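>>> okay, sequence plus prediction incoming.
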Amino acid sequence: MDLSEIKIRQEQDYPKIHNANECPRTVGILKDLISGRGGELNAVLQYIYQSTVADKADVDLGELFEEVGIVCMHHTGLLMHAVTEFGGLPKYEDSNGYSFNANCVNYAYKLKDILDVNLTLTQNQIDHYKQAINLVKNDSLKNLLIRILKDKELWLQSLKLLRGTVKFLSV
């Protein structure tokens, strides 16, 4: 499979936040998307770790995982700015005040296992974004979350294609 065919993000721009009012509930929702179990910070670290491991088997796959980590880092930045727009402090903590830690990073090293981990992580993120979209009231924030969700859904489709590629499964 030619990895240059794999899409990791949509081409459309990310919407800006408008008419944000201080809202602790919205801040908590955003913080969970950033720092919660399986949130964006976890994804960044997961994909950067995986890029290093995958590099040994397939440099192109390692670079692909690194690019996904960078997209997740961009999502993190967008969400952190949204936290401040809604009156929160952009700390790496979830809605309960628990600081982010890397205990949720899965250190699988076989490509088959890495792809399985990524399928689960991405599906969980999709579910969390859908829940968040239903909970937030600000339309511009909903639009931003929908836009990020589109990246997650595209990446999930790409992961399913990768997972079905036999040459990766034997490593």
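In hand now; what should we look at?

>>> so where do the helices sit in this structure?
Listed in chain order, the helices found in the chain under DSSP state H are 24-35, 40-57, 59-85, 111-135, 139-163, 166-169.

>>> of these, which is nearest residue 94?
In this view, these are compared for proximity to residue 94 by C-beta to C-beta, and helix 24-35 is the closest at 4.9 Å. Just so you know, the C-beta spots here come from the backbone N, C-alpha and C atoms, and that holds for glycine as well.

>>> tell me what that closest one is packed against?
In this structure, helix 24-35 packs against helix 40-57, helix 59-85, helix 111-135, with contacts taken as 3 or more C-beta pairs under 8 Å, 6 or more residues apart in numbering; DSSP states H and E.

>>> and the shortest one, how far out from the chain's middle?
Okay, so that is helix 40-57. Put simply, helix 40-57 sits 12 Å off its chain's centre (C-alpha atoms, centre = their mean, to the nearest Å).

>>> buried ones in it?
Buried positions in helix 40-57, judged by neighbour count with 16 or more other C-beta atoms under 10 Å: 40-51, 53-54, 57.

>>> same thing with stretch 64-73?
Buried residues in stretch 64-73, defined by neighbour count with 16+ other C-beta under 10 Å: 64-66, 68-73.

>>> likewise for stretch 14-31?
Judged by neighbour count (16+ other C-beta under 10 Å), stretch 14-31 contains these buried residues: 14-15, 17, 23, 26-31.

>>> over to stretch 130-148?
In stretch 130-148, the ones that count as buried by 16+ other C-beta under 10 Å are 132-133, 136, 138, 140-145, 147-148.

>>> so for it, mean pLDDT?
Average pLDDT, stretch 130-148: 98.

>>> for that stretch, the distance to its chain's centre please.
Distance of stretch 130-148 from its chain centroid, counting by C-alpha atoms, centre = their mean, is 15 Å.

>>> please apply the same query to stretch 146-155.
9 Å.

>>> got a list of contacts for that stretch?
Residues from elsewhere that reach stretch 146-155 (C-beta atoms under 8 Å, 6 or more residues apart in numbering): 7-10, 12-15, 68, 71, 75, 78-79, 122, 125-126, 129-130, 133.

>>> could the C-alpha coordinates of it be exported in CSV?
Extracted C-alpha coordinates of stretch 146-155, given in CSV (Å, rounded to 0.1, in the frame of the first residue of the first chain):
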residue,chain,number,x,y,z
ILE,A,146,-17.4,18.9,14.4
ARG,A,147,-14.4,20.0,12.3
ILE,A,148,-11.9,18.1,14.6
LEU,A,149,-14.3,15.1,14.6
LYS,A,150,-14.0,15.0,10.8
ASP,A,151,-10.3,14.6,11.1
LYS,A,152,-10.8,11.7,13.6
GLU,A,153,-13.3,10.0,11.4
LEU,A,154,-11.0,10.3,8.3
TRP,A,155,-8.1,8.9,10.4
